[in-house]
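K.L.:
Predicted coordinates and the sequence they were generated for:
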Amino acid sequence: MSESKLAAFMRRFAKDESGISAVEYGLLAAGIAIGLWEFVGPGGIGGSLQSVFEGVNEGLSTAVPE
């Protein structure tokens, strides 16, 4: 590739904004994932929610004869 073709390619590449939306959506998805991790993960409601389901499981296992 000659230097002028390389310079023209770099100018077009710098002006191209078609990938910006994908980057923005990726950052949005990462933010949502981090928010969900904080909500459900350790220190969030995940521990108390697990204890609720364990209680329901225990209640169902004693109510239903095997």
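P.N.:
It's in. Numbering: from 1, shown residues only.
K.L.:
going forward, measure contacts between C-alpha atoms and count neighbours the same way
P.N.:
Noted.
K.L.:
residue ranges with poor pLDDT in the chain?
P.N.:
Low-confidence regions of the chain, defined by pLDDT under 70, span residues 1, 19, 41-47, 64-66.
K.L.:
Identify the single longest helix in it, thanks.
P.N.:
helix 20-40 (DSSP state H).
K.L.:
relative to helix 20-40, how tilted is the very next helix or strand once past it?
P.N.:
Using DSSP states H and E, the helix or strand that follows helix 20-40 in sequence is helix 46-63. Between helix 46-63 and helix 20-40, the angle comes out at 60 degrees (axes from the mean of the first three to the mean of the last three C-alpha atoms, to 10 degrees).
K.L.:
helices or strands up against helix 46-63?
P.N.:
Helices and strands touching helix 46-63, by 3 or more C-alpha pairs under 8 Å, 6 or more residues apart in numbering; DSSP states H and E, are helix 20-40.
K.L.:
Remind me what the helix it packs on packs against, helices and strands.
P.N.:
The helices and strands touching helix 20-40, judged by 3+ C-alpha pairs under 8 Å, 6+ apart, are helix 46-63.
K.L.:
Can you mark which positions in the helix it packs on are buried?
P.N.:
For helix 46-63, a neighbour-count test (16 or more other C-alpha atoms under 10 Å) marks nothing as buried.
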